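1. Quick check, what structure comes out for this input:
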Amino acid sequence: MKHKTSISIIGKTDMGRVRTNNEDAFVAQKLWDENTYLAIAIDGVGGYEGGEIAADIARRTIPEFLLASSNGERVELLKQAVTAANNAIFDAREADPEHGQMSCVLTAAIIDIAQREISMAHVGDSRLYSFHHGELKKLSHDHSLIGYREEIGDLTEEEAMHHPQRNVIGRDVGSQKHKANDDDFIEAQVFPLMPNTTLLFCSDGLTDMITSAIITSVLNQEMKLEEKAEALIKAALDAGGKDNVTVVLFEYKSNEPDTKSEEKVKDEKPMNTVKEKQIVEDQSSQKLTKRTWLKTLLLVIVGLLVGFGIAYYWQNGIVEKSKAEFEVKEKGYKGTISSLKSQINQPQNQNPISLDSIEIEKEDTY
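-> Reported below is the predicted structural model:
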(Lines give C-alpha, C1' and ligand atoms only; values in the text may rest on other atoms or scores of the structure.)
Protein backbone atom coordinates (compact mmCIF):
# COMPACT_ATOMS: atom_id res chain seq x y z
CA MET A 1 0.00 0.00 0.00
CA LYS A 2 1.36 3.38 -0.99
CA HIS A 3 1.27 5.93 1.81
CA LYS A 4 0.07 9.44 1.14
CA THR A 5 2.18 12.12 2.79
CA SER A 6 2.04 15.88 3.12
CA ILE A 7 4.93 18.02 4.39
CA SER A 8 4.85 21.71 5.27
CA ILE A 9 7.31 24.05 6.95
CA ILE A 10 6.93 27.72 7.87
CA GLY A 11 8.84 30.26 9.93
CA LYS A 12 7.79 33.65 11.28
CA THR A 13 9.29 36.23 13.61
CA ASP A 14 8.02 39.47 15.17
CA MET A 15 9.78 42.29 17.02
CA GLY A 16 7.13 42.32 19.77
CA ARG A 17 5.43 45.21 21.58
CA VAL A 18 8.40 46.48 23.60
CA ARG A 19 11.72 45.94 21.78
CA THR A 20 12.93 48.38 19.13
CA ASN A 21 14.84 45.76 17.11
CA ASN A 22 14.52 42.06 16.42
CA GLU A 23 17.37 39.88 17.67
CA ASP A 24 15.58 36.66 16.71
CA ALA A 25 16.10 34.73 13.48
CA PHE A 26 15.01 31.42 12.01
CA VAL A 27 15.68 28.83 9.30
CA ALA A 28 12.89 26.81 7.67
CA GLN A 29 13.99 25.09 4.48
CA LYS A 30 14.67 21.91 2.57
CA LEU A 31 18.21 20.69 3.05
CA TRP A 32 19.87 18.06 0.83
CA ASP A 33 16.81 16.67 -0.97
CA GLU A 34 13.04 16.32 -0.85
CA ASN A 35 13.27 14.14 2.25
CA THR A 36 15.43 16.33 4.50
CA TYR A 37 14.49 19.59 6.15
CA LEU A 38 16.28 22.04 8.42
CA ALA A 39 14.43 24.02 11.09
CA ILE A 40 16.06 26.44 13.54
CA ALA A 41 14.75 28.98 16.05
CA ILE A 42 17.47 31.47 17.08
CA ASP A 43 17.37 34.08 19.85
CA GLY A 44 20.17 36.67 19.94
CA VAL A 45 21.80 37.74 23.21
CA GLY A 46 23.89 40.81 23.95
CA GLY A 47 21.89 43.98 23.67
CA TYR A 48 21.12 46.35 20.85
CA GLU A 49 22.45 45.07 17.49
CA GLY A 50 24.92 42.63 19.09
CA GLY A 51 22.37 39.85 19.55
CA GLU A 52 21.00 40.55 16.10
CA ILE A 53 24.46 40.07 14.58
CA ALA A 54 25.06 36.83 16.48
CA ALA A 55 21.68 35.43 15.45
CA ASP A 56 22.35 36.30 11.81
CA ILE A 57 25.77 34.60 11.89
CA ALA A 58 24.12 31.42 13.19
CA ARG A 59 21.32 31.69 10.63
CA ARG A 60 23.84 31.81 7.76
CA THR A 61 26.56 29.50 9.07
CA ILE A 62 24.56 26.40 10.00
CA PRO A 63 22.85 25.83 6.61
CA GLU A 64 26.07 26.65 4.74
CA PHE A 65 28.02 24.10 6.76
CA LEU A 66 25.39 21.39 6.30
CA LEU A 67 24.96 21.94 2.57
CA ALA A 68 28.71 21.43 2.17
CA SER A 69 28.78 18.33 4.40
CA SER A 70 26.06 15.78 3.71
CA ASN A 71 27.93 12.58 4.59
CA GLY A 72 27.70 11.31 8.14
CA GLU A 73 25.28 10.88 11.00
CA ARG A 74 22.69 13.65 10.92
CA VAL A 75 22.99 14.55 14.58
CA GLU A 76 26.80 14.67 14.44
CA LEU A 77 26.72 16.90 11.36
CA LEU A 78 24.28 19.23 13.09
CA LYS A 79 26.48 19.44 16.19
CA GLN A 80 29.45 20.34 13.98
CA ALA A 81 27.38 23.00 12.20
CA VAL A 82 26.29 24.57 15.50
CA THR A 83 29.92 24.49 16.66
CA ALA A 84 30.98 26.25 13.44
CA ALA A 85 28.40 28.95 14.13
CA ASN A 86 29.57 29.22 17.74
CA ASN A 87 33.19 29.76 16.75
CA ALA A 88 32.26 32.22 13.99
CA ILE A 89 30.34 34.32 16.53
CA PHE A 90 33.23 34.13 18.98
CA ASP A 91 35.68 35.33 16.29
CA ALA A 92 33.33 38.22 15.44
CA ARG A 93 33.20 39.21 19.12
CA GLU A 94 36.98 39.25 19.31
CA ALA A 95 37.22 41.37 16.17
CA ASP A 96 34.64 43.94 17.32
CA PRO A 97 34.89 44.99 21.00
CA GLU A 98 31.69 47.02 20.64
CA HIS A 99 29.82 43.71 20.33
CA GLY A 100 32.07 41.76 22.68
CA GLN A 101 29.14 40.37 24.68
CA MET A 102 27.05 39.06 21.80
CA SER A 103 25.94 35.45 21.52
CA CYS A 104 22.73 33.54 20.90
CA VAL A 105 20.70 30.51 21.92
CA LEU A 106 19.15 28.17 19.39
CA THR A 107 17.23 24.97 18.81
CA ALA A 108 17.89 23.23 15.49
CA ALA A 109 16.82 19.96 13.91
CA ILE A 110 17.37 18.00 10.74
CA ILE A 111 14.13 16.22 9.90
CA ASP A 112 14.68 13.10 7.80
CA ILE A 113 11.44 11.82 6.28
CA ALA A 114 12.98 8.68 4.78
CA GLN A 115 14.52 7.64 8.10
CA ARG A 116 11.57 8.94 10.16
CA GLU A 117 14.00 10.77 12.46
CA ILE A 118 14.37 14.17 14.11
CA SER A 119 18.01 14.98 14.90
CA MET A 120 18.13 17.87 17.39
CA ALA A 121 20.95 20.13 18.54
CA HIS A 122 19.98 22.58 21.26
CA VAL A 123 21.71 25.28 23.35
CA GLY A 124 19.99 27.67 25.76
CA ASP A 125 16.31 28.32 26.44
CA SER A 126 14.73 28.29 23.00
CA ARG A 127 12.55 25.20 22.64
CA LEU A 128 11.43 22.25 20.54
CA TYR A 129 7.96 20.76 21.03
CA SER A 130 6.25 17.80 19.41
CA PHE A 131 2.49 17.90 18.90
CA HIS A 132 0.95 14.50 18.20
CA HIS A 133 -2.59 13.16 18.72
CA GLY A 134 -3.58 16.33 20.56
CA GLU A 135 -0.69 16.12 23.04
CA LEU A 136 2.11 18.68 23.32
CA LYS A 137 5.50 17.37 24.51
CA LYS A 138 8.60 19.42 25.20
CA LEU A 139 11.60 17.63 23.68
CA SER A 140 14.39 20.08 24.53
CA HIS A 141 15.58 21.11 28.00
CA ASP A 142 16.07 24.71 29.08
CA HIS A 143 19.70 25.31 30.05
CA SER A 144 18.76 27.51 32.96
CA LEU A 145 18.11 27.04 36.67
CA ILE A 146 14.49 28.17 36.37
CA GLY A 147 13.87 25.83 33.43
CA TYR A 148 15.35 22.96 35.40
CA ARG A 149 13.21 23.75 38.44
CA GLU A 150 10.13 23.78 36.23
CA GLU A 151 11.02 20.41 34.69
CA ILE A 152 11.45 18.70 38.08
CA GLY A 153 8.21 20.21 39.38
CA ASP A 154 9.75 22.67 41.81
CA LEU A 155 8.01 25.51 39.94
CA THR A 156 4.76 25.49 38.02
CA GLU A 157 4.77 26.62 34.41
CA GLU A 158 3.27 29.99 35.29
CA GLU A 159 5.66 30.51 38.21
CA ALA A 160 8.59 29.84 35.88
CA MET A 161 7.15 32.19 33.23
CA HIS A 162 7.05 35.07 35.70
CA HIS A 163 10.21 34.33 37.66
CA PRO A 164 12.68 37.28 37.67
CA GLN A 165 15.57 34.94 36.76
CA ARG A 166 13.76 33.06 33.98
CA ASN A 167 16.11 34.45 31.29
CA VAL A 168 19.38 33.66 33.10
CA ILE A 169 20.91 30.90 30.97
CA GLY A 170 23.76 28.49 31.64
CA ARG A 171 24.77 27.86 28.01
CA ASP A 172 24.93 29.92 24.82
CA VAL A 173 26.38 29.92 21.33
CA GLY A 174 29.35 32.23 20.84
CA SER A 175 30.65 33.30 24.24
CA GLN A 176 33.65 30.94 24.07
CA LYS A 177 35.39 28.62 21.63
CA HIS A 178 34.04 25.09 21.52
CA LYS A 179 34.45 21.67 20.00
CA ALA A 180 31.38 19.72 18.95
CA ASN A 181 31.64 17.17 21.75
CA ASP A 182 32.52 19.54 24.59
CA ASP A 183 30.69 18.86 27.83
CA ASP A 184 27.94 21.29 28.82
CA PHE A 185 27.62 22.73 25.34
CA ILE A 186 25.23 21.11 22.85
CA GLU A 187 22.29 19.00 23.94
CA ALA A 188 21.90 16.48 21.11
CA GLN A 189 19.14 13.92 20.73
CA VAL A 190 17.48 11.82 18.03
CA PHE A 191 13.70 11.36 18.19
CA PRO A 192 11.43 9.22 16.03
CA LEU A 193 9.26 11.17 13.59
CA MET A 194 5.68 9.96 13.88
CA PRO A 195 3.07 10.45 11.16
CA ASN A 196 0.66 13.31 11.74
CA THR A 197 3.06 15.25 13.90
CA THR A 198 3.68 18.98 14.13
CA LEU A 199 7.04 20.21 15.42
CA LEU A 200 7.24 23.65 17.04
CA PHE A 201 10.57 25.49 17.34
CA CYS A 202 10.33 28.78 19.21
CA SER A 203 12.19 31.49 21.11
CA ASP A 204 11.35 32.29 24.72
CA GLY A 205 9.41 35.32 23.48
CA LEU A 206 6.61 32.84 22.85
CA THR A 207 6.84 30.60 25.93
CA ASP A 208 7.39 33.48 28.38
CA MET A 209 4.08 34.96 27.21
CA ILE A 210 1.70 32.03 26.68
CA THR A 211 1.23 28.68 28.40
CA SER A 212 1.50 25.23 26.87
CA ALA A 213 -2.29 24.97 27.12
CA ILE A 214 -2.69 27.97 24.79
CA ILE A 215 -0.10 26.55 22.38
CA THR A 216 -2.00 23.25 22.35
CA SER A 217 -5.31 24.95 21.65
CA VAL A 218 -3.82 26.79 18.65
CA LEU A 219 -2.15 23.68 17.20
CA ASN A 220 -5.39 21.73 17.63
CA GLN A 221 -7.30 24.07 15.35
CA GLU A 222 -8.19 23.17 11.77
CA MET A 223 -6.24 25.81 9.85
CA LYS A 224 -3.26 26.14 7.56
CA LEU A 225 0.21 25.88 9.06
CA GLU A 226 0.99 29.52 8.30
CA GLU A 227 -2.18 30.58 10.08
CA LYS A 228 -1.17 28.56 13.13
CA ALA A 229 2.22 30.30 13.21
CA GLU A 230 0.51 33.68 12.97
CA ALA A 231 -1.98 32.73 15.68
CA LEU A 232 0.80 31.72 18.08
CA ILE A 233 2.66 35.00 17.56
CA LYS A 234 -0.56 36.99 17.94
CA ALA A 235 -1.31 35.22 21.22
CA ALA A 236 2.15 36.19 22.53
CA LEU A 237 1.68 39.78 21.41
CA ASP A 238 -1.78 39.98 22.98
CA ALA A 239 -0.25 38.72 26.26
CA GLY A 240 2.19 41.66 26.26
CA GLY A 241 4.79 40.89 23.59
CA LYS A 242 7.65 41.81 25.92
CA ASP A 243 10.29 40.14 23.75
CA ASN A 244 10.91 39.22 20.14
CA VAL A 245 8.77 36.23 19.14
CA THR A 246 9.86 33.52 16.71
CA VAL A 247 8.00 30.40 15.60
CA VAL A 248 8.97 27.65 13.15
CA LEU A 249 6.39 24.95 12.45
CA PHE A 250 7.00 21.69 10.61
CA GLU A 251 4.04 19.47 9.80
CA TYR A 252 4.23 15.86 8.65
CA LYS A 253 0.96 14.20 7.65
CA SER A 254 0.69 10.59 6.52
CA ASN A 255 -1.83 7.77 6.44
CA GLU A 256 0.78 5.21 7.50
CA PRO A 257 0.38 3.50 10.91
CA ASP A 258 2.50 4.85 13.73
CA THR A 259 2.31 1.98 16.25
CA LYS A 260 6.06 1.31 16.22
CA SER A 261 6.82 5.00 16.53
CA GLU A 262 4.44 5.22 19.48
CA GLU A 263 6.35 2.46 21.25
CA LYS A 264 9.69 4.14 20.58
CA VAL A 265 8.58 7.52 21.85
CA LYS A 266 6.84 6.23 24.99
CA ASP A 267 7.89 8.28 28.04
CA GLU A 268 9.69 10.57 25.65
CA LYS A 269 9.42 13.67 27.86
CA PRO A 270 12.05 14.28 28.93
CA MET A 271 14.08 11.58 27.10
CA ASN A 272 17.44 12.83 28.35
CA THR A 273 16.23 12.78 31.92
CA VAL A 274 15.20 9.13 31.59
CA LYS A 275 18.66 8.23 30.36
CA GLU A 276 20.31 10.20 33.16
CA LYS A 277 18.07 8.45 35.68
CA GLN A 278 19.04 5.05 34.30
CA ILE A 279 22.72 5.95 34.53
CA VAL A 280 22.32 7.13 38.12
CA GLU A 281 20.47 3.94 39.05
CA ASP A 282 23.16 1.78 37.44
CA GLN A 283 25.89 3.65 39.28
CA SER A 284 23.98 3.40 42.56
CA SER A 285 23.58 -0.34 42.07
CA GLN A 286 27.30 -0.72 41.43
CA LYS A 287 28.12 1.38 44.50
CA LEU A 288 25.71 -0.68 46.62
CA THR A 289 27.35 -3.93 45.48
CA LYS A 290 30.80 -2.57 46.31
CA ARG A 291 29.64 -1.38 49.74
CA THR A 292 28.11 -4.80 50.47
CA TRP A 293 31.36 -6.60 49.63
CA LEU A 294 33.39 -4.13 51.68
CA LYS A 295 31.15 -4.56 54.69
CA THR A 296 31.36 -8.34 54.43
CA LEU A 297 35.14 -8.23 54.12
CA LEU A 298 35.47 -5.88 57.09
CA LEU A 299 33.27 -8.12 59.23
CA VAL A 300 35.41 -11.15 58.37
CA ILE A 301 38.62 -9.26 59.22
CA VAL A 302 37.21 -7.93 62.48
CA GLY A 303 36.02 -11.42 63.43
CA LEU A 304 39.45 -12.90 62.77
CA LEU A 305 41.19 -10.18 64.75
CA VAL A 306 38.82 -10.59 67.68
CA GLY A 307 39.42 -14.35 67.61
CA PHE A 308 43.19 -13.91 67.56
CA GLY A 309 42.95 -11.35 70.37
CA ILE A 310 40.90 -13.64 72.61
CA ALA A 311 43.30 -16.54 71.98
CA TYR A 312 46.22 -14.27 72.81
CA TYR A 313 44.64 -13.15 76.06
CA TRP A 314 43.84 -16.72 77.07
CA GLN A 315 47.43 -17.81 76.46
CA ASN A 316 48.79 -14.99 78.62
CA GLY A 317 46.45 -15.51 81.58
CA ILE A 318 44.50 -12.32 81.04
CA VAL A 319 41.27 -14.22 80.53
CA GLU A 320 40.58 -16.77 83.26
CA LYS A 321 38.35 -19.75 82.83
CA SER A 322 36.69 -18.97 86.16
CA LYS A 323 35.44 -15.59 85.00
CA ALA A 324 32.47 -15.20 82.69
CA GLU A 325 33.47 -11.65 81.78
CA PHE A 326 36.10 -8.99 82.50
CA GLU A 327 35.23 -7.21 85.72
CA VAL A 328 38.03 -4.78 86.45
CA LYS A 329 36.92 -1.58 88.10
CA GLU A 330 38.10 1.06 90.54
CA LYS A 331 40.82 0.74 93.17
CA GLY A 332 43.98 2.20 92.01
CA TYR A 333 45.13 1.18 88.50
CA LYS A 334 44.51 2.47 85.05
CA GLY A 335 46.78 1.42 82.24
CA THR A 336 47.27 -0.67 79.09
CA ILE A 337 47.41 -4.44 78.83
CA SER A 338 51.20 -4.28 78.41
CA SER A 339 51.75 -2.23 81.56
CA LEU A 340 49.37 -4.48 83.49
CA LYS A 341 51.29 -7.57 82.39
CA SER A 342 54.60 -6.11 83.53
CA GLN A 343 53.20 -5.43 86.97
CA ILE A 344 51.55 -8.83 87.30
CA ASN A 345 54.97 -10.43 86.64
CA GLN A 346 56.76 -8.37 89.32
CA PRO A 347 58.88 -10.19 92.01
CA GLN A 348 56.96 -12.05 94.72
CA ASN A 349 58.28 -9.86 97.58
CA GLN A 350 56.24 -6.94 96.22
CA ASN A 351 52.57 -6.55 96.86
CA PRO A 352 50.64 -8.67 94.35
CA ILE A 353 48.10 -6.99 92.07
CA SER A 354 44.58 -8.40 91.97
CA LEU A 355 42.61 -8.25 88.73
CA ASP A 356 39.52 -7.45 90.80
CA SER A 357 41.03 -4.10 91.87
CA ILE A 358 42.22 -2.84 88.50
CA GLU A 359 40.54 -0.68 85.86
CA ILE A 360 42.12 -1.47 82.50
CA GLU A 361 42.25 0.54 79.28
CA LYS A 362 42.75 -2.17 76.66
CA GLU A 363 45.59 -1.63 74.24
CA ASP A 364 44.53 -2.24 70.64
CA THR A 365 46.95 -4.98 69.59
CA TYR A 366 45.18 -6.05 66.40
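2. what's near enough to touch the closest residue to residue 6 other than its chain neighbours?
-> Excluding the flanking residues, the one nearest residue 6 by Cβ to Cβ, 6 or more residues apart in numbering is residue 253, at 4.2 Å. Placement of C-beta: from N, CA and C, glycine included. Taking Cβ atoms under 8 Å, 6 or more residues apart in numbering, we find residue 253 in contact with 5-7, 195-196.
3. Of those, just say which sits nearest to residue 244.
-> Residue 244 lies nearest to residue 7 out of those, by Cβ to Cβ, at 27.3 Å.
4. Write down the beta-bridge partners of the closest one, one by one.
-> Judged by DSSP bridges, the bridge partners of residue 7 are residue 252.
5. picking that back up, what's the lowest-pLDDT member of the contacts of residue 253?
-> For these, the weakest pLDDT value sits at residue 5, with 91.
6. So for the nearest residue to that one once chain neighbours are set aside, what's the pLDDT?
-> Closest residue to residue 5 apart from its sequence neighbours, by Cβ to Cβ, 6+ apart: residue 254 at 4.4 Å. With respect to pLDDT, residue 254 scores 91.
7. those helices in this protein, which residues are they?
-> 50-67, 74-95, 145-151, 157-161, 204-207, 212-219, 225-238, 259-265, 271-315, 337-344 (DSSP state H).
8. And the average pLDDT for the longest one is what?
-> Per-residue pLDDT values across helix 271-315 average out to 47.
9. re the thing from before, go through the contacts of residue 253 and name the one nearest residue 54.
-> Checking the contacts of residue 253 one by one against residue 54 (Cβ to Cβ), the nearest turns out to be residue 7, at 30.2 Å.
10. Might one say that the closest one is in contact with residue 252?
-> Yes: with contacts counted by Cβ atoms under 8 Å, residue 7 reaches residue 252, the gap being 5.7 Å.
11. Who has more neighbours out of those two?
-> residue 252 (22 against 15; other Cβ atoms under 10 Å).
12. Now residue 17. Its backbone dihedrals?
-> phi -90, psi -20 (degrees, to the nearest 10).
13. check contacts around it.
-> 237, 240-242.
14. quick one on the thing from earlier: for PyMOL, write the select line for the buried members of the contacts of residue 253.
-> Applied in PyMOL, the following selects the buried portion of these according to 16 or more other Cβ atoms under 10 Å:
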select buried, resi 195
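15. Now distance to residue 107 too, for the contacts of residue 253, in JSON lines please.
-> Formatted as JSON lines, the contacts of residue 253 follow (distance: Cβ to Cβ, whole Å):
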{"residue": "5", "distance to residue 107": "24"}
{"residue": "6", "distance to residue 107": "24"}
{"residue": "7", "distance to residue 107": "20"}
{"residue": "195", "distance to residue 107": "22"}
{"residue": "196", "distance to residue 107": "22"}
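16. Report how many residues lie close to residue 94.
-> Neighbours of residue 94 (other Cβ under 10 Å): 10.
17. which non-adjacent residue is nearest residue 37?
-> residue 111 (4.4 Å).
18. what sits against that neighbour?
-> With Cβ under 8 Å, 6+ apart, residue 111 has these contacts: 36-39, 117-119, 193, 199, 250, 252.
19. buried residues in stretch 138-148?
-> 138-147.
20. Also stretch 213-224?
-> Buried residues in stretch 213-224, defined by neighbour count with 16+ other Cβ under 10 Å: 214-215, 218-219.
21. quick one: contacts of it?
-> With contacts defined as Cβ under 8 Å, 6+ apart, stretch 213-224 is touched by 129, 131, 134-136, 198, 200, 206-207, 228, 231-232, 235.
22. mind listing which of the buried residues of stretch 138-148 are in strands?
-> If you go by DSSP state E, the buried residues of stretch 138-148 have residue 138 in strands.
23. Tell me which two in the buried residues of stretch 138-148 are the farthest apart.
-> 139 and 145 (20.1 Å).
24. Format the contacts of residue 17 as a markdown table; extra columns: distance to residue 12.
-> As requested, the contacts of residue 17 are exported to a markdown table (distance: Cβ to Cβ, whole Å):
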| residue | distance to residue 12 |
| --- | --- |
| 237 | 12 |
| 240 | 18 |
| 241 | 14 |
| 242 | 18 |
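25. now, which of the residues you listed sits nearest residue 158?
-> Of all those, residue 240 has the smallest distance to residue 158: 13.8 Å, by Cβ to Cβ.
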